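> Output the structure for:
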Amino acid sequence: MSTKKYLFEKVFEKAKNECGTSNKNGMSVHLKKVISDDYNYLITSKSFSRHFDDFVKENNLKKEISPNLLNILAHYIGYESFGDFNQKNQLIKSEENEVDVEEIVSVEAIIDDNIPEEESIINLTSKKNSFFEKIKLQRNKIIAGSGISTILASGGLFLNSIKIRLV
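Reported below is the predicted structural model:
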């Protein structure tokens, strides 16, 4: 989850509690009034409605938002700035990038002295090399096949021309 998405979720959650409605337009009108009056930042309720669709409903999470608006919204929900909000909610970002990795705690050496050294060497063929070898073989077959068919076709034409003259 991106921090912008989380910020907008918290902003609309607070607006829902303050205005008493869970209607997107009602919350947007409330936010417009609060942000315009308390922070002297001009924004329309339609903009908040679009931000709700973009971030809360996840229609466009990559949308660019003014840094001033991000700071004001972070302040509205109790943070000093968006940077402060981002820093205190860093856990959300790290969970997004978290990858489960199975950790090997200990490895025991497995040595079998009964196997001669010649048999213990394993040759692994590269998949890439075998792939290219197959392509070369197919190409050679195609070239040989087309060469044979050309010879047969030209030979047939030659023989037909001889038969026509003999008759």
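
> Quick check: Leu69 vs Ile148, distance?
74 Å (C-beta to C-beta, to the nearest Å). C-beta coordinates here come from the backbone N, C-alpha and C atoms, glycine included.

> These two - which one has more neighbours?
Leu69 (17 against 10; other C-beta atoms under 10 Å).

> Identify the residues contacting Ala15.
By C-beta atoms under 8 Å, 6 or more residues apart in numbering, Ala15 lies in contact with Met27, His30, Leu31, Val34.

> Is it possible to get TSV of the residues you listed that adds secondary structure and neighbour count?
Converted to TSV, the contacts of Ala15 look like this (DSSP: H, G, I helix; E, B strand; the rest coil; neighbours: other C-beta atoms under 10 Å):
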residue	secondary structure	neighbour count
Met27	helix	26
His30	helix	21
Leu31	helix	25
Val34	helix	17
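
> Need the residues you listed in CSV (columns: distance to Asp84 and pLDDT).
Shown next, in CSV, are the contacts of Ala15 (distance: C-beta to C-beta, whole Å; pLDDT from 0 to 100):
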residue, distance to Asp84, pLDDT
Met27, 24, 92
His30, 24, 92
Leu31, 20, 91
Val34, 20, 92
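
> Tell me the one among the residues you listed nearest to Ile142.
Among the contacts of Ala15, Met27 lies closest to Ile142 (C-beta to C-beta), at 67.4 Å.

> Confirm for me that the closest one is in contact with Lys16.
Yes. With contact defined as C-beta atoms under 8 Å, Met27 reaches Lys16; the gap is 5.7 Å.

> quick one: buried residues of stretch 68-84?
Leu69, Leu70, Asn71, Ile72, Leu73, Ala74, His75, Tyr76, Tyr79, Phe82 (16 or more other C-beta atoms under 10 Å).

> typo on my end, it should be stretch 49-60
For stretch 49-60, the neighbour count (16+ other C-beta under 10 Å) marks Ser49, His51, Phe52, Asp54, Phe55, Val56 as buried.

> Grab the CA positions of that stretch and hand them over as PDB.
Coordinates of the C-alpha atoms in stretch 49-60 are reproduced here as PDB (Å, rounded to 0.1, in the frame of the first residue of the first chain):
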ATOM      1  CA  SER A  49     -14.100  13.400  -4.900                       C
ATOM      2  CA  ARG A  50     -11.600  12.500  -7.700                       C
ATOM      3  CA  HIS A  51      -8.900  11.900  -5.100                       C
ATOM      4  CA  PHE A  52     -11.300   9.500  -3.300                       C
ATOM      5  CA  ASP A  53     -11.800   7.600  -6.500                       C
ATOM      6  CA  ASP A  54      -8.100   7.600  -7.400                       C
ATOM      7  CA  PHE A  55      -6.700   6.600  -4.000                       C
ATOM      8  CA  VAL A  56      -9.300   5.100  -1.800                       C
ATOM      9  CA  LYS A  57     -11.000   3.100  -4.600                       C
ATOM     10  CA  GLU A  58      -7.600   2.500  -6.300                       C
ATOM     11  CA  ASN A  59      -8.400   3.800  -9.800                       C
ATOM     12  CA  ASN A  60      -5.200   5.700 -10.300                       C
END
